[in-house]
Structures are given as C-alpha cells and as structure tokens.
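Colleague: need a structure here:
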Amino acid sequence: MSRTTTDPATADGTATDRATAEGATTDHATADHRTTFAAPHPTPPPTPHPPPTLLLVGGANPLPSSIDIVTRAVEEARSRGIRVHLVHRAAALARTAEVNDLADAVSAVEPDDPEACERWVRDRVAAGERFDLVLGLRDEVQESVARCAAYVGAPGNGVDAVRRIRNKDACRAALAAAGFRQPAVRLCGSREEASAFLGESRGPWVVKPRDGMASIGVRMVRDVTELPPALAELPDPDVFLVEEFVEGPEYSVEGVILSTGPKVLAVTAKETLPPPYFVEIGHVLPAELPESTRAAIDREVSAALTALDLRFGVFHVELWLTEGGVVLGEVHVRPGGDWLHRLLTHAVPGLELFGLLYDDHLGRPERAAPSLEPTRGAAVRFLAPPPGRLADVDGWERVEADRSVLAAGLTTAPGDTIRPVRQSGDRAGFIVVGERTPARAQALATTLADSLHFRTTDPRQPAPGGPHTAPRTPAVPTAH
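Modeller: So this is what the prediction gives:
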C-alpha cells in the first residue's frame, strides 16, 4: 500500500501521495490493476470490505517517550490490518518523521483546534474516506477527538465530558457532587482571592494552573506570605487554582475503557521530590499493596470514570491513599506519561495496550495476553543532579549495557546549564528498568541512577569553547 502524506511545507490539510508526481492519492493495497476478460457467464467478484481506519489525532511530540508510545499505537493498529491516518501540525510532523513513516496517511492539521479538526474530517468524509476509530494520546487533543468521533459515528467520549476533566476544578466539583472524596478547591483570579481561600480552609495548600501538565506552576504554600512567589511561577496568574494539600502516598491507575466499562490494568506507586514542588522523580509498577486496598482502588476509579461519563480510551487516574480512604486526583483519558506505558507492558507480558482497545471496539476476537494481571515489575527513575553547567557524565555506559534497562536517555549535554528541578522538563534524564518483581526493578533503577556522576561547573563562568550544541543522548530502546 502506498503511504500518503501532507507536505508540511504546504500545511493545507490534504493528504497527498508520496509516490505520485501529480499529487493524486493512490492506495495500492486496494487498487486492482489486473486485466480481466469477458466470459460467457461472468461471476461478479465479491466486493472486498475496506480495512477499518484509525484517525490518530495529534501524533507524537519530538520527545523519546512520546515517539515510543505513538509508535506502539500505530504498530498495534497496522498489525491488525487497521489503516492509520495521522494528523498533526506541520511543525511537529517535520520533527517526528520516524512515526509519520509508519502511518498509511499523514495530514497537517492543527490537532488542538477542535473546529479545524472537525472541518477537516467533514472534508475527508465527503471525499470518501471512512474512519472507524478516533484516538488521541494527549490531553490537549481530547476535545478534537470527541468532536471527530461524534461526526463519524465512532466510539468516543462526549465533548462535555472531556472539557470537564480538562478543567481541574470542574472535575473536582463533578466528583464531589457524585459522592467522591475531594479536597476543597477554589478558582482564583488574584492574590486577594487566594488569600481569602487560605483564611477559610485548612493548610497547607497547593497553587496550580487550572489546566496544566508536567508540574508546571505547581507549588505548595503554608501561609499567605508564600503566595507571591507561588503566583509568580504560574503560566497564567489571572486564572489559577488553590486547593487543600492531601496527606498520603500518591498513586496512579492505568487502564482502558472497553465496551463493558473501565478495566484497571495496574496501580503505579509514585515518588515525588519534597515540597514545595511536586515533580515526579520515580514510578514503580505494580504498586505493592494489600489485595483489599487494590480492590478498593479499582472500585473507586471505575466508579469515578463512569460517573464522569467517560466511555472510551486509555485512562490514567491519579489518587492518594489517606486515613479516610481513596482521594481522587486528576483524571485523564490518555496514557500516563513518564514511560508508564513501558512499565505496564513489561509488567503484563503480552499486553498490547492499544490493541486491546482496538479489538474491543471493533468487535473482534481478542488477541489479549493470557492474563491482564501484572506478573513482573518495572520502574523508572528520573535524574535530578545538582544545578550547574554540565561538563560531563560518568557511568552512562553501565546504564546502556545493563540487560534489564528497557529505555534510557539523557536530556542534557555538556555545556548545558542544569537547573533546579521545578517541573518535569528540568529533569536531566531517565532510566526505565524491567525486572521480575517491583522491588527488584525499583532497586536497580535507583542503583543505576545513583551510580552516575554529573560533573558540573559554576554556570556563571563562560563555557569552555563557547556554547555547546552537541545532541542529547537519545533514548536507548533496548529489547534485552
């Protein structure tokens, strides 16, 4: 089959064929070029059913974990005979060619613009293209996914439902109204409003964006004197949230929403840096919990997804275990970041996360793993070396050589300035480990991270030889 693409330079949203000079689209998988001859009593050949098509909205970002997870989503579709049409903005397509080349068709469309995506889908349907599934793997594209799925009649979530979970205060209000434990929260637009909330509720508190990610602008405050620096770090100081801090260990729940309802696949234990920031520095999957606690988490999360009217997709739900029970945090209908998909597929041998979703909603016989319960352990450790200008990293060869390492990479290079870790993008690298048990995976990931030595110099001094532009160490997609 010929792969079609939109030239990112034109960014006109139409799919063109790389193999044809005139720009016409040809699908060689279905085109029949044989010459047939008339027979006395010809029998019409059976009309072949076109393969189902997945519309993948948003594609990948130029980050190792994003490229890896989108690659898996595409490959699990293609292995099932599902045609994949990927759409993303032109600039992103130009930086993720390795993913785009796996798809059958690629078009330049702004994925974060629901109206633009729906217009594009209408045009494609009018031109004869059919979409059976619509999927997006980032929060920002979920409204576009919902509108496109509704237009083509594919399974999906409602627009109101995905808007509700994007706004953290609206999601908290909906969960509280449905009877779930929630911290007190206030939508604020000024320091005065935040100060008033602190006077009416119990501290400490957390200041955070209303709609954000990667721990950007998230900070604890213990009294009103700590509000000004917290507000100064917000992306938008005119619209933000202040909520009561929840005491207790933090977890996330990974799973899929099938036609029969939510299916929890694993619970992940999280480790964050100490306050005032909450950047995640490690994950272990599965979390080692008593069976009764795991069952209670399963029930609470499944009930919450149902109450929020979420009906399709991969989900990632955050929560705390408190003395009073489960307190739900953010709810997402996309996979968890931070390489959680690699942890999950190692812990559940044979699991095809996206294939499970495709098979269910297309009504096909399942090709699932014999068991969907974790039987192994995996962990990821992020690197947070002391601040300074990086001179060199000692010990990386050991990480690359370890047969239990599933993926690893450095996100900083000699000459770069390592900043204090205030958000996920400040972390200097990652090490993903798969082992027989969660405890062994966590121990090895920690040992490997601790064995690295980041040699730094004073960032106020000029870098030797001028600015350094060497590329970052790419992810190591080892398959030991």
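Colleague: just checking, what packs against the host helix or strand of L93?
Modeller: For L93, the element it lies in under DSSP states H and E is helix 90-94. When contacts are defined as 3 or more Cβ pairs under 8 Å, 6 or more residues apart in numbering; DSSP states H and E, helix 90-94 packs onto strand 105-108. To be clear about C-beta, it is placed using only N, CA and C from the backbone, and glycine gets the same treatment.
Colleague: after the strand it packs on comes which helix or strand?
Modeller: helix 114-126.
Colleague: quick check, E75 in contact with D101.
Modeller: No. Checked against Cβ atoms under 8 Å, the pair E75 and D101 is beyond contact range at 11.8 Å.
Colleague: please say which of these two ends up with more neighbours.
Modeller: Counting neighbours by other Cβ atoms under 10 Å for E75 and for D101 shows that E75 has the greater number, 15 against 12.
Colleague: that one sits in which helix or strand?
Modeller: Here E75, judged by DSSP H and E, is contained in helix 64-78.
Colleague: name the SS class of R163, please.
Modeller: Assigned with DSSP: H, G, I helix; E, B strand; the rest coil, R163 falls in the helix class.
Colleague: cool, and V317?
Modeller: strand.
Colleague: these two touch, right, it and E250?
Modeller: No. Judged on Cβ under 8 Å, V317 makes no contact with E250 at a distance of 11.7 Å.
Colleague: of those two, which one has the most company?
Modeller: Just comparing V317 and E250: by other Cβ under 10 Å the higher neighbour count belongs to V317, 28 against 18.
Colleague: check which helix or strand covers the nearest residue to the more buried one once chain neighbours are set aside.
Modeller: Distances taken as Cβ to Cβ, 6 or more residues apart in numbering place V253 nearest to V317, at 4.6 Å, with adjacent residues excluded. In this assignment (DSSP H and E), V253 forms part of strand 250-258.
Colleague: then E400?
Modeller: E400 belongs to helix 396-401 when assigned by DSSP H and E.
Colleague: report all helices and strands that that helix contacts.
Modeller: Using 3+ Cβ pairs under 8 Å, 6+ apart: helix 396-401 touches strand 405-410, helix 438-451.
Colleague: out of those, which is closest to I257?
Modeller: Closest to I257 of the helices and strands packed on helix 396-401 is helix 438-451 (Cβ to Cβ; 25.1 Å).
Colleague: what is the mean pLDDT for that closest one?
Modeller: What helix 438-451 shows for mean pLDDT is 98.
Colleague: buried set for the next helix or strand after it?
Modeller: Later in the chain than helix 438-451, the nearest helix or strand by DSSP H and E is strand 453-457. Applying a neighbour-count criterion of 16 or more other Cβ atoms under 10 Å, the buried positions in strand 453-457 are F454, T456.
Colleague: one more: stretch 337-350?
Modeller: Within stretch 337-350, the residues that count as buried by 16+ other Cβ under 10 Å are G337, D338, W339, L340, H341, R342, L343, L344, T345, H346, A347, V348.
Colleague: farthest-separated two in those?
Modeller: For the buried residues of stretch 337-350, and using Cβ to Cβ, no pair is farther apart than G337 and V348, which are 18.6 Å apart.
Colleague: re earlier: do I have it right that the residue nearest to V317 meets V264?
Modeller: Yes. Proximity of V253 to V264 meets the contact threshold set by Cβ under 8 Å, at 5.8 Å.
Colleague: okay, and the common contacts of the two?
Modeller: Shared between the contact lists of V253 and V264 (criterion: Cβ atoms under 8 Å, 6 or more residues apart in numbering) are residues I297, D298, V301.
Colleague: who wins for most neighbours among those?
Modeller: V301 leads the shared contacts of V253 and V264 on contacts (other Cβ under 10 Å) with 24 neighbours.
Colleague: which strand residues sit across from the residue nearest to V317 in the sheet?
Modeller: Assessed by DSSP bridges, V253 has beta-bridge partners V267, V317.
Colleague: find the residues that touch each one of V317 and E250.
Modeller: With Cβ under 8 Å, 6+ apart as the test, V317 and E250 both reach G329.
Colleague: pull the helix or strand with minimum mean pLDDT from this protein.
Modeller: Of all helical and strand segments in the chain, the minimum by mean pLDDT, DSSP states H and E falls on strand 16-17, at a mean of 40.
Colleague: buried stuff in stretch 254-268?
Modeller: Within stretch 254-268, the residues scored as buried using 16+ other Cβ under 10 Å are E254, G255, V256, I257, L258, P262, K263, V264, L265, A266, V267, T268.
Colleague: wait, the fourth one sits on L310?
Modeller: It refers to I257. Yes. If you go by Cβ under 8 Å, I257 and L310 touch, sitting 6.1 Å apart.
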